[in-house]
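Engineer: A structural model of the following input is requested.
(chains A and B)
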There are 2 protein chains.
Amino acid sequence: MDRHFDEELKELKEKLIRMSSLAEEMIENSIKALKERDEKLIAVVFEKEKAINQLQIEVDDFALKLIALRQPAASDLRFIISAIKINADLERIGDLAINIVERTQDLLKEPPLKPLIDLPQMAAIAQKMVRDAIDSFINKNPDLAKDVCRRDDQVDSLNDQLFRELITYMLQDVKNVNRAIDLILVSRHLERIADHATNIGEDVYYMVKGKDIRHHKEDGNI
Amino acid sequence: MDRHFDEELKELKEKLIRMSSLAEEMIENSIKALKERDEKLIAVVFEKEKAINQLQIEVDDFALKLIALRQPAASDLRFIISAIKINADLERIGDLAINIVERTQDLLKEPPLKPLIDLPQMAAIAQKMVRDAIDSFINKNPDLAKDVCRRDDQVDSLNDQLFRELITYMLQDVKNVNRAIDLILVSRHLERIADHATNIGEDVYYMVKGKDIRHHKEDGNI
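Structural biologist: Numbers count the residues shown, from 1 in each chain, chains lettered A, B, ... in the order given. Below is the predicted model:
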C-alpha cells in the first residue's frame, strides 16, 4: 500500500471523527436546550445541521473516489464501505437532534410538565454510544463495538419507563396530553439515536470479525 | 465491461429483488396476522426472517466480491454501493415486521380494542413504497424514487392520527392502555418501515442524479 493511500485513509477517518463530533454536540445541545429552556442553543443545533449535511456529502464523495481510484484490497475496501454506512448513520443522528429541538420549541411555550432527569440521562448514554462506536471503528476494536450494542438495552428500558410514566401524566389530566406527547417524542428520538449507534457498532464488529452480530431484532420498545 | 460482469450485476439485482419480496411478504403477513387474528401467520413471518437474514449476508458478500474482483467504473461502483445500503434497509424492514408480530402475539391475548382499518391502510402504503423503491433502483428511475419519498408524508400523518385516537382510548378507560400502547407500537413500526423505503428512494435518487435530496429531516412525527 503506498504512502499516499495511507494518508487518504487517515483523512477519511478524520472526516468521520468530525462528523461524529458534530453529531455528539447536536445531541448534547438539543437536550441542554430542553433542560435549561435555552432558545439560543436551539439555533446552535440548527447551525450545526448545515455543517453535518455538508460534511456527509464530502465524506461520501471522498470514499467513493478512494474506491474508484485506489482499488483497495479486501480489508481496506471493507473499511471504506463501513465508513460510507457509518456516515449515513451519523447524518441521521443529526436529523434526530433536529427533531428534538423542534419538539423543544413546542415544549418551551408551556411551563415544564415534570423535572427532567431521565431524558438527560438517556441523552448522555446515547451520546457516549455514538462516541464509542466511532472509536471502535477508528481503532478497529470489536470489543468496544459489541459493548456499544449492549448499551442499547439501557436506553430502550429508560425509554419504556418514561413512556409509561408519561401515560400516567396524560391519564391524570387531559391538560398534560400535549406536553406528554412531546416528551414521548423526544425520548423516542433519543432511542433512535442509540439505535443508529448500535448499527455502527454492528457494522464495525462485522468489519473486524467478518462475523455477523447484526441479526438481532430492532428493539420492540417504544 | 465484459459479459461476465454484466451477468454478475444482474445476479445482484435478482438477489435484491428476492430480499425485497421477502420484506414485502413479511409486512403483509404481519398485519394480516393482526387483522385476522391468525397465529399461523405469525409463524410464517418468523420463518421468513431466517431467510431474509441469510440472504442479507449473501448479498453483502457478493457485492463486496464484485467490487474487489471487478474493480468497477464509477457508475457501476455507485450502483453496487447503493445495493449494499439498500440491503441493510431491507433487512431492517424485516426486523420491524418481526416487531409487529411480537406486538400481535400480545394483542391476540385480549379482544380487539377497535376495528382495524388504519393499520392495514398504512401497511399497504408502506409495502408499496418498498416495492417501488426497489423498482426505482433496478430501473434507475429517479422520478419513481422521488415519488416514494413523497409518500412518506401519508404514512406519517396516518401514524399521527392513529396515535391521537389511541390516546383518547387510553383517557376513556385505563383498561384500554395496554392494547392502545401495543397498537401505537405497531403503527410506529410501520412508520419506520416507510422511513426505510424513503431512505432507499433517497439513495436511488442520489445514485442516478448525483444530486442529494437526502437533506430533509427524519420525520418529527410519532
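Engineer: which sections of chain A are below the confidence cut-off?
Structural biologist: Applying pLDDT under 70 to chain A flags the ranges A:1-3, A:211-222.
Engineer: Just list the residues touching the closest residue in space to A:L55 that isn't next to it in sequence, thanks.
Structural biologist: Among residues not flanking A:L55 along the chain, A:M19 sits closest, at 5.4 Å (C-beta to C-beta, 6 or more residues apart in numbering or on different chains). C-beta: built from backbone N, CA, C; applies to glycine. A:M19 makes contacts with A:52, A:55-56, A:59, A:87, A:90-91, as judged by C-beta atoms under 8 Å, 6 or more residues apart in numbering or on different chains.
Engineer: who wins for neighbours among those?
Structural biologist: Highest neighbour count within the contacts of A:M19, by other C-beta atoms under 10 Å in any protein chain shown: A:L90, with 28 neighbours.
Engineer: What ranges does chain A have for its helices?
Structural biologist: Ranges of helices within chain A are A:3-35, A:39-70, A:74-107, A:118-138, A:142-172, A:177-209, based on DSSP state H.
Engineer: before we move on, the earlier item: next one: the residue nearest to A:L55 from chain B, what distance?
Structural biologist: From A:M19 across to chain B, the span is 14 Å (C-beta to the nearest C-beta, to the nearest Å).
Engineer: before we move on, back to that, wait, which of the contacts of A:M19 is closest to B:A63?
Structural biologist: Nearest to B:A63 out of those is A:N87 (C-beta to C-beta; 17.4 Å).
Engineer: dump the residue contacts of the nearest residue to that closest one once chain neighbours are set aside.
Structural biologist: Take A:N87 and drop its neighbours on the chain: the residue closest to it by C-beta to C-beta, 6+ apart is A:V59, 4.6 Å away. With contact taken as C-beta under 8 Å, 6+ apart, A:V59 is in contact with A:12, A:15-16, A:19, A:83-84, A:87.
Engineer: Just name the closest of these to A:I181, please.
Structural biologist: Closest approach to A:I181 among the contacts of A:V59 (C-beta to C-beta): A:M19, at 31.1 Å.
Engineer: distance between stretch A:189-198 and the chain's centre?
Structural biologist: 5 Å (C-alpha atoms, centre = their mean, to the nearest Å).
Engineer: Any chance you could list what contacts that stretch?
Structural biologist: By C-beta under 8 Å, 6+ apart, the residues outside stretch A:189-198 that reach it are A:27, A:31, A:89-90, A:92-93, A:96-97, A:99-100, A:103, A:119, A:122-123, A:125-126, A:129-130, A:132-133, A:148-149, A:151-152, A:155-156, A:159, A:218-219, A:221-222, B:218.
Engineer: swap in stretch A:24-37?
Structural biologist: Stretch A:24-37 has contacts (C-beta under 8 Å, 6+ apart) with A:38-39, A:41-42, A:44-45, A:48-49, A:52, A:93-94, A:97-98, A:100-101, A:103-104, A:107-108, A:112, A:116, A:119-120, A:123, A:126-127, A:130-131, A:186, A:190, A:193.
Engineer: what does stretch A:148-167 give?
Structural biologist: Stretch A:148-167 has contacts (C-beta under 8 Å, 6+ apart) with A:118-119, A:121-122, A:125-126, A:128-129, A:132-133, A:136, A:180, A:183-184, A:187-188, A:190-191, A:194-195, A:197-198, A:200-202, A:205, A:213, A:216, A:219, A:221-222, B:170, B:177, B:181.
Engineer: coming back round to it: are any of the contacts of stretch A:24-37 buried, and which?
Structural biologist: Buried subset of those (neighbour count, 16 or more other C-beta atoms under 10 Å in any protein chain shown): A:41-42, A:44-45, A:48-49, A:52, A:93-94, A:97-98, A:100-101, A:103-104, A:107, A:116, A:119, A:123, A:126-127, A:130-131, A:186, A:190, A:193.
Engineer: A:D89 and chain B: what is the separation?
Structural biologist: To chain B, A:D89 is 10 Å away according to C-beta to the nearest C-beta.
Engineer: And for A:V204?
Structural biologist: Distance, A:V204 to chain B, by C-beta to the nearest C-beta: 14 Å.
Engineer: Let me know how buried that residue is, in neighbour terms.
Structural biologist: For A:V204, the neighbour count with other C-beta under 10 Å is 29.
Engineer: Once you drop chain neighbours, what's closest to it?
Structural biologist: A:A145 (4.0 Å).
Engineer: could you list every residue that touches the one you found?
Structural biologist: Contacts here follow C-beta under 8 Å, 6+ apart; on that basis A:A145 touches A:133, A:136-137, A:200-202, A:204-205, A:208.
Engineer: which one among those gets closest to chain B?
Structural biologist: Closest approach to chain B among the contacts of A:A145 (C-beta to the nearest C-beta): A:E202, at 9.7 Å.
Engineer: okay, now the closest one: neighbour count?
Structural biologist: By other C-beta under 10 Å, neighbour count at A:E202 equals 23.
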